[in-house]
Structures are given as structure tokens and as C-alpha cells.
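S.K.: Sequence below, structure please.
(one chain, ligands or ions: 1)
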Amino acid sequence: MSNPASPPAVDVLDERPGLTFPPGFLWGAATAAYQIEGAAAVDGRTPSIWDTFSHTEGRVLSGHTGDVACDHYHRLGDDVALMAELALKSYRFSVSWSRVQPGGTGAANPGGLDFYRRLVDELLANGIEPWLTLYHWDLPQPLEDAGGWPARDTAARFADYTTLVADALGDRVRYWTTLNEPWCSAFLGYGSGVHAPGRTNGADAVRAGHHLMLGHGLAVQALRAARPAAEVGVTVNLYPVDPASDSPADSDAARRIDGLANRFFLDPLLRGSYPEDLVADLSTVTDFEHVRDGDLATISTPLDLVGVNYYSRHVVAAPVEGVEADPAPSCWPGSEDVRFVTRGVPVTDMGWEIDAPGLTETLRRVNGYTDLPLYVTENGSAFVDSVVDGQVDDVDRLAYFDAHLRAAHEAIDAGVPLRGYFAWSLMDNFEWAWGYTKRFGMIHVDYDSQVRTPKSSAKWYASVIRRNGLAAQ
Ligand code: FCB
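M.R.: Numbers count the residues shown, from 1 in each chain. Presented below is the predicted three-dimensional model:
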């Protein structure tokens, strides 16, 4: 546990050694369907919960929607050419469920599948390994209308959709992740309601989390049945959670938040059980009657890899007696009154504290659960960028990547089987409730002209990939 009074977590050494990554290290960049594709109503695609949500007034900053986004749907050839310029070894993208199976049930939509076939073929033609995520938050709206993730049947629908995608693309896609960040789908989507579908009920959030994991387990089984050679995993977003002081009350607050943020997913997925203390913490929220015999065995179906998304650390403190919890709907059901503390260290444009050592800590922690190969499937930062003479000199983003790659290397040195790293994101895109106001890309996107401009971080990342490591500085 880090001492909250310690200096900024960014690496402040003046001279940094060169570092080489293991042979075959999979260098990539990531995106997600709704954040980049646009073409919301093209070739048979029907609305997902994010279409509905973004078109509902007051849900997304400035009323932004993903209707056009980066128009990647119509620009995939040019975008893959940019990936090749970046020397990417792999590209992690997600499939829009309502594009390939409009409405979320029934037959596949050939037009939708064709887009992903063309994308995958173009990647392979450029020597870039496709990495397919089946679900990056965009549930088909009719499935939400039927109950959404709090309803058990949604898990079965997800497995059916998985079979359609595996049948169509499994001959050319080797790497698969089922879900992206189920914590966000469950607790932001159904708890705080800041993400689609915007519902605010703690018990629903917990049920959603369970059914997402059940859907994951069923999808792994569907993939294994359709494509025995596939490398299959799941992506979870994890945070180290530190107490603000060494008081027992703050430690207990950290235990609670760690339970909801991390162990809610890691324990069922990798150990086949819910942590007892978490179940007790949630006793005022739910009695877990939604968990049926056999669910945890399905959820913990063996995997080939685990994907970790890492952005920051949480530091928390016990509730102050006599002070009421914020009445706004919470993404921490049962622990609404825990306080999140800022340490005064440098933050990104999201306000997220920059904490590279937290990545080492997180990877080592997951390695304590499993010997499976690990991949950082997302890591990156938003900063305000300016285009000057056609250049974007994003020194802050570059420094963020550099510090986190050094932290990733430290985990490898400590024996963690880390096999790859995906920068978030390939290009600026629709940042969910923040719309287009936050830029995470290595490639700048002018949303009026759709002109793409590789930033300094992109050029630097290409050199990192080419030398399979970091130059001495
Ligand atoms: C992650 C999401 C990704 C992006 C980054 C900044 O939580 O998976 O889509 O929004 O955050």
C-alpha cells in the first residue's frame, strides 16, 4: 500500500534506462465500436442502449452522440493504413452487437458481419493481428427493454450472439475477449446511471454484474465449441485501492471498495466464488437470490488469457460521522458513504490521478490469482491537445505511456507473464458521457473534417514497437 503522503506517483528520474520487452510482445492499440464507427443506422444496424442514451437530453455532455463518431465504418481502409504506419502488431476493436444481430435475437445480419470481415481481412493483409472484443457496452435496445443485464435471459442472448460472430469470423480471428469492463456496464449502467442505460438501482447493478459474468462464461463455452483454437479471455478494469490513513476505519473502507471494484469480478471469474465479505457488505442491497446452482462453475470456465485495463488508483476514507452520504445515485451500492480522497498528484484531463506504479501492482495482483498470460488491453490518458502547424505535440500523453510501459516492464521483471499492451486509444473518439470533449487518441481526429493527424505520442509509440522497447533517456 502506498503512503498517501508520498511524492507524485509519476517517474521523476532524470535518466531512464532503455528497456527491451520479451520477444513476440504484442504491441497494440484499442478502440470500441460505438466510440468510433458512426454509421449508426447503416446496413441494417439498429439502436443499442448507447444510441438511446446519447439521444436522451442531458445524458451526454453537449448532447453528443455516436451517430457519426470517427466515421470509421466508411474509412476502415485509411484507418488500417494508419495502424500500419504506427507499426501496430495488433488492433483491439469491438463488434457492435446490434450491427451483426439487429435487435439482439435471431439471424445474423450479413451486411453488418461483412464490415467486420473486411476489417479483419484488411488487418491481416497488413500483418496486424485482430483482437476482437464481443461486448463493449452496447446492448441492443430491445434486450434492455426486456430487462437488460439484470435479467438472466440476457446472458443466454449474449452466448447466441457470440456463436454468430464466432461462426463468421473465427476462421481469421485468434484473440477474443468476451466483455470489456463489466464493472462499468453493471455499476455505471445500472447503479449511478451515468452510463447507458442510465438506471439507478443497487440491486439491479449487482444482478447485472452477475449476469454479465454468466454471459461471459456461456460465451467462452460457445467460442470453444465453435472455434477450439481461439485464445479466449475477458477484460476487467482494476484499481489498486488504498486507505487514506492507517486507521482501521479507513482500511475497512478500502476493503469495501476493493471488494466492489476488483474482487466482485476477479473472484468469480478466476476462483469460482464471491468473496464472503463482499456478500456481507451487500446484504442491505441484495440477498444474491439471483445466483443459481452451477452459475459460478460457468462463470469460472477456464480461460486462455486475462485482459487488464488500467487507468488509476483509488484512495478512500471512512465516512465522517454525522455527515450524510451524497444522495446522488451511487456506483458503490452498500458503500455509498465511503469517501474518495484526492492526493494532489498530477491528473489527466479526466481528473484521474496519474499512478504508474499502480499498474505494476495491479498486474502482480492478478498474477496472484492465476498463471494465465496477461495483457494490458487498455491504458492511456486524456489531455487537452492543440493542433499547431498541423502537429500535435502531446508530451503529457507520451510521458504517461512511457511511465506505464516502464511499470509494465517492472511487472515482467517480477515474473508476471505479461504478453502484450494496448494503448487507449488509437484515435480520439466518443468518450461516453463526456462525448467528444475528452481526447485519448494517439491520432488526433478533427470531427468536422474527419482529418486524422498522428500526434507525437503516435510517432514515439511506433518507434517503441519497432525497437520492441524503450530507448534510454
Ligand atoms: C475505459 C473504456 C474505454 C474508454 C476508456 C477511457 O473504461 O473501456 O472505452 O472510454 O475507459
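
S.K.: Tell me the residues of the stretch 51-200 of the chain that contact the ligand?
M.R.: Near the ligand, the residues belonging to the stretch 51-200 of the chain are 180-181, 184 when assessed by Cβ under 6 Å from any ligand atom. Using the backbone N, CA and C atoms, a C-beta is placed for each residue, glycine as well.

S.K.: What about those residues, which are in strands?
M.R.: Among these, the residues falling in strands (DSSP state E) are residue 180.

S.K.: measure residue 114 to residue 428 for me?
M.R.: The spacing between residue 114 and residue 428, counted by Cβ to Cβ, to the nearest Å, is 27 Å.

S.K.: quick one, which of the two is more surrounded?
M.R.: More neighbours sit around residue 428 than around the other of residue 114 and residue 428, counting by other Cβ atoms under 10 Å; the figures are 27 against 13.

S.K.: what lines up beside the strand or helix carrying residue 421 in the sheet?
M.R.: Using DSSP states H and E, residue 421 maps to strand 418-424. When pairing is defined by DSSP bridges, strand 418-424 lines up against strand 26-30 (parallel), strand 374-378 (parallel).

S.K.: Helix, strand, or coil at the residue lying closest to residue 45 once chain neighbours are set aside?
M.R.: If you skip the residues right next to it in sequence, residue 45 has residue 99 as its closest partner in space, 4.2 Å away by Cβ to Cβ, 6 or more residues apart in numbering. Under the three-state scheme (DSSP: H, G, I helix; E, B strand; the rest coil), residue 99 adopts helix.

S.K.: before we move on, what about residue 159?
M.R.: Using three-state DSSP, the structure places residue 159 in helix.

S.K.: Now do the contacts for the residue nearest to residue 180 when sequence neighbours are not counted.
M.R.: In space, not counting the residues next to it along the chain, residue 180 is nearest to residue 136; the distance is 4.2 Å by Cβ to Cβ, 6+ apart. For residue 136, the residues meeting the contact criterion (Cβ atoms under 8 Å, 6 or more residues apart in numbering) are 32-35, 94, 180.

S.K.: quick one: which of those has the most company?
M.R.: Neighbour-wise, the contacts of residue 136 (other Cβ under 10 Å) top out at residue 33, 29 neighbours.

S.K.: gap between that one and residue 180?
M.R.: 10 Å.

S.K.: again with residue 220
M.R.: Between residue 220 and residue 180 the computed distance is 15 Å (Cβ to Cβ).

S.K.: what's the answer for residue 237, then?
M.R.: Summarising the geometry, the distance separating residue 237 from residue 180, computed by Cβ to Cβ, is 8 Å.

S.K.: now residue 397
M.R.: Distance from residue 397 to residue 180, by Cβ to Cβ: 21 Å.

S.K.: about what we covered before: please identify which of the residues of the stretch 51-200 of the chain next to the ligand is nearest to residue 110.
M.R.: Of all those, the one sitting nearest residue 110 is residue 180; the distance, using Cβ to Cβ, is 25.2 Å.

S.K.: For the stretch 201-350 of the chain, which segments are assigned as helices?
M.R.: Secondary structure of the stretch 201-350 of the chain, counting by DSSP state H, counting those that start in this stretch: helices at 202-226, 248-258, 264-271, 276-281, 295-299.

S.K.: Return the most buried member of the ones you listed.
M.R.: The highest mean neighbour count among the helices of the stretch 201-350 of the chain belongs to helix 202-226 (a mean of 24), with neighbours defined as mean count of other Cβ atoms under 10 Å.

S.K.: quick one: average confidence on it?
M.R.: Taken as a whole, helix 202-226 has a mean pLDDT of 99.

S.K.: picking up where we left off before, quick check: neighbours shared by residue 237 and residue 180?
M.R.: Counting by Cβ under 8 Å, 6+ apart, the residues touching both residue 237 and residue 180 are residue 309.
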